[in-house]
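Trainee: any chance you could fold what I've pasted below:
(2 chains)
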Amino acid sequence: MIVPVGAVLALSAVLFGIGVFGFLARRNIILMLISVEVMLNAVNLSLAGFSRHLGELRGQILALFVIAVAAAEVGVGLGLVIALNRNRPGVSVADLTKLKW
Amino acid sequence: MTLLAATFYYMAAASVASALLAVTRKNPVHSMLWVLALFLHVAGIFLLLSAEFLAAVQVIVYAGAILVFYLFVVMLLDLPDEEARPRFGNHWPLAAAVGLCFPAVAWLARVETLAPFGAGLAPAATQKGAEGVAQGSLSAIGGALFGPFTLPFEMASLLLLAAIVGAVVLARRRAARS
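Mentor: Sure, this is the predicted structure:
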């Protein structure tokens, strides 16, 4: 085995943590969506690692579905960003207080 | 250390570095270029894990389609004062702590810790078994997608259709009411 599965899982956890940090800390809604992409990539990495480790294809199939869902999420998310931007220019989530009671 | 293992550790280090740069750069376009570097390095790791089709899809869909979509939206929105605003909210140390929790949990859950309790990773597939399912070969993936995974596959197409319609409805300019 070329790549130890533990190293892949550790890399996946680190990347997921970076994505979580970016999602929680950034105030720019586009960068928050980018952080979600980083997290989804981390999950794909661990799925591919397990697929290799267990000698099964199911992990890779699941990763393909994750990629499809990521594409759908980006389409709807950026559509929302454009719709929000039309009402109120700017991408800072701190300004989006319309729904605040 | 073999050349392939060295390649893996380079890819891992480069993807962590580019992910960190991607979430911390001020300019959104710079962020996106770093995220592009991350996607390409992750595709390289997929190749090392003998998931060739996944690597191709990663480059085509993520680095090709999704990233171009993000860049288009940044270009459309025209954010001149974005670099002047603070990057992080005031609570960013808390966010960093939450982010560090994931590697910490992964470290705690490593195989050596779990082994005394009889838990841990399943044993690796034997090399023969791994060869038997023809890892990563396109025909095997296609056979699985149109065999046992037909229903999820169709659901994914339905989801993408719903996302297309939703994006058009959300981003459409409303006709003037008056």
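
Trainee: neighbours around the nearest residue in space to residue B:66 that is not next to it in sequence, how many?
Mentor: Nearest non-adjacent residue to residue B:66, counting by CB to CB, 6 or more residues apart in numbering or on different chains: residue A:74, 5.2 Å away. Backbone N, C-alpha and C define where each C-beta goes, glycine included. Neighbour count of residue A:74, defined by other CB atoms under 10 Å in any protein chain shown: 25.

Trainee: so where does residue 9 fall, helix or strand?
Mentor: Picking chain A for this. Assessed by DSSP states H and E, residue A:9 sits inside helix A:5-25.

Trainee: I was after chain B.
Mentor: Assigned by DSSP H and E, residue B:9 belongs to helix B:3-24.

Trainee: now do the helices in chain A.
Mentor: A:5-25, A:29-54, A:58-87 (DSSP state H).

Trainee: try chain B
Mentor: Remark: helices assigned in chain B by DSSP H are B:3-24, B:28-48, B:52-57, B:67-77, B:92-108, B:111-114, B:127-132, B:138-146, B:150-171.

Trainee: just put the ones you listed in JSON lines and tack on distance to chain A, mean pLDDT and mean neighbour count.
Mentor: Below are the helices of chain B laid out as JSON lines (distance: least, CB to the nearest CB, whole Å; pLDDT from 0 to 100; neighbours: other CB atoms under 10 Å in any protein chain shown):
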{"stretch": "helix B:3-24", "distance to chain A": "3", "mean pLDDT": "91", "mean neighbour count": "18"}
{"stretch": "helix B:28-48", "distance to chain A": "5", "mean pLDDT": "93", "mean neighbour count": "21"}
{"stretch": "helix B:52-57", "distance to chain A": "5", "mean pLDDT": "91", "mean neighbour count": "20"}
{"stretch": "helix B:67-77", "distance to chain A": "5", "mean pLDDT": "89", "mean neighbour count": "17"}
{"stretch": "helix B:92-108", "distance to chain A": "3", "mean pLDDT": "87", "mean neighbour count": "15"}
{"stretch": "helix B:111-114", "distance to chain A": "6", "mean pLDDT": "67", "mean neighbour count": "11"}
{"stretch": "helix B:127-132", "distance to chain A": "4", "mean pLDDT": "50", "mean neighbour count": "12"}
{"stretch": "helix B:138-146", "distance to chain A": "5", "mean pLDDT": "87", "mean neighbour count": "14"}
{"stretch": "helix B:150-171", "distance to chain A": "4", "mean pLDDT": "91", "mean neighbour count": "14"}
